[in-house]
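Chemist: Turn this into a model:
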Amino acid sequence: MNKFNWVAQDEDGEVHEYINKPSTEEAAGPWWGKACIGNSRQASDPTTKVVTNWKESLIDLSKNDYIIKDGILMATRKHAALIHAWADGAEIQIRCCGDDWDDCHPEWAEDCEYRIKPKTRTVKCKLYHIEGVVGVWVQGIQGLPGNAKLIDKDWREVEVEL
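Modeler: Sure thing, here's the model as predicted:
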């Protein structure tokens, strides 16, 4: 799945997503140009219009997020929805440079990802092996396979995201 970096809205109100900033040539032609990855119309659709206002609606998602309010694409502050959730008491986690998610007091850096901390549940489990393959036996969810050999004597407690 491609991550898009730009969005824009055409004259019909449809929002289109781009991997790269569209060139003047791509944006001046029908919106289904080669840079567009999120277009709901097809090239054969006779209602596709030439986009003349692409510069006015184009949003750089490295600097902004966006919302659609009353059918209009609008730029918002990066992480705005998460900032509001945090202000309402949600716990926030951060991930920078592809690392693991960590609990944080957010600083809202543009080059980091943020999310609401997922709900978790603690479960008890034991490790087992069958024919050289290690498996996890979760207490109360599944039975231990018939020819499995337990690796653990005691139950482990692990936290899993719901």
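
Chemist: Could you check how far the longest helix seen in the chain is from the centre of its chain?
Modeler: In the chain, with assignment by DSSP state H, the single longest helix is helix 80-87. Averaging C-alpha positions (C-alpha atoms, centre = their mean, to the nearest Å) puts helix 80-87 16 Å from its chain's average.

Chemist: May I see the buried residues of that helix?
Modeler: Across helix 80-87, burial judged by 16 or more other C-beta atoms under 10 Å covers 82-83, 85-86. For every residue, glycine as well, the C-beta is placed using N, CA and C.

Chemist: Columns pLDDT on top of the residues you listed, output as TSV?
Modeler: Formatted as TSV, these follow (pLDDT from 0 to 100):
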residue	pLDDT
Leu82	90
Ile83	90
Ala85	92
Trp86	94
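
Chemist: ok, which pair from the residues you listed is furthest apart?
Modeler: Using C-beta to C-beta, those span at most 7.4 Å, a distance reached by Ile83 and Ala85.

Chemist: what helices or strands is the longest helix of the chain leaning on?
Modeler: If you count contacts as 3 or more C-beta pairs under 8 Å, 6 or more residues apart in numbering; DSSP states H and E, helix 80-87 packs onto strand 64-69, strand 92-95, strand 113-116.

Chemist: right, and the ones you listed - which one's nearest Val133?
Modeler: Per C-beta to C-beta, nearest to Val133 of the helices and strands packed on helix 80-87: strand 92-95, 30.5 Å.

Chemist: packing partners for that closest one?
Modeler: Helices and strands touching strand 92-95, by 3+ C-beta pairs under 8 Å, 6+ apart, are helix 80-87, strand 102-103, strand 113-116.
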